[in-house]
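S.K.: Quick one, fold the following:
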Amino acid sequence: MKCGGITMEEKKDSYSFCFRKAGNLKIINPNEGLVGVYKRKSRSALNMLESAKEKQEDEWILDTSYYAKYFMVYALFMKVGIGSKIHDCTIFALNSLFVEEKIIDKGIYDELEKSKELRVGALYYDKNFGREEILKRAKTAPEFCLKVESVIDKLTNSDVERVRNKFKVLKNI
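M.R.: Below is the predicted model of the structure:
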């Protein structure tokens, strides 16, 4: 079966560790309480982002803008009942389960992936991406979070079932 230009088997092989590693990508019970917790964490990160911007703390700008986005995506995962402990696997699942199922726009995936790359580069490799690029990522955070929150609020039972079925297909390939 083809999926985004590569077979689903090839896609799963490249992220098979996401399904094998204990406690990572797994089906869990949807949890509205945790949806609220992660939405709140996202808003908190957005508040801290404003403080980091005021103080011109570039690394914290990258961190807080990334986490504002990540936490909102994780709220989406809690809504459908998907657990993930590894950020790369969360981003893989966002694309495979939500973008490919046309529940969320590919731009959301692209933005989260780019934010993660910049954060990792700055944190672990001391790369300087320039203030303009850092502020660009920060500027996208509030709208990103609103878009994902809107998707969360509009998810239907059919959408949830479709995501969970696609998960099972990917896991069992």
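S.K.: The spatially most distant residue from the centre of the chain and residue 61, how far apart?
M.R.: The centre of the chain is farthest from one residue, residue 55, which by C-alpha atoms, centre = their mean lies 26.6 Å away. Distance, residue 55 to residue 61, using C-beta to C-beta, to the nearest Å: 9 Å. Yep, even glycine has a C-beta here, placed from its N, CA and C like the rest.
S.K.: What ranges does this structure have for its helices?
M.R.: For the chain, the helices defined by DSSP state H occupy 8-14, 16-20, 32-54, 58-80, 87-93, 106-125, 131-154, 157-172.
S.K.: and those, which is most packed in?
M.R.: helix 58-80 (a mean of 23; mean count of other C-beta atoms under 10 Å).
S.K.: so who does residue 63 touch?
M.R.: 52, 119, 123 (C-beta atoms under 8 Å, 6 or more residues apart in numbering).
S.K.: from memory the second one sits against residue 64, does it?
M.R.: No: taking C-beta atoms under 8 Å as the definition, residue 119 is not a contact partner of residue 64, at 9.7 Å.
S.K.: need the contact list for residue 122.
M.R.: So residue 122 contacts 58-59, 62, 128-129 (C-beta under 8 Å, 6+ apart).
S.K.: Please repeat the previous calculation with a cut-off of 6 Å.
M.R.: Residues in contact with residue 122 (C-beta atoms under 6 Å, 6 or more residues apart in numbering) are 59, 62.
S.K.: per-residue pLDDT, it?
M.R.: Looking at residue 122, its pLDDT reads 78.
S.K.: Next, work out how far apart it and residue 76 are.
M.R.: For residue 122, the distance to residue 76 equals 25 Å [C-beta to C-beta].
S.K.: for residue 15, same thing?
M.R.: Going from residue 15 to residue 76 by C-beta to C-beta gives 18 Å.
S.K.: ditto for residue 39
M.R.: 10 Å.
S.K.: Over to residue 134?
M.R.: Taken as C-beta to C-beta, the spacing of residue 134 relative to residue 76 amounts to 25 Å.
S.K.: what do you get for residue 53?
M.R.: Residue 53 sits 25 Å away from residue 76, taking C-beta to C-beta as the criterion.
S.K.: remind me which residues of this protein are low pLDDT?
M.R.: For the chain, applying pLDDT under 70 flags the ranges 1-14, 22-23.
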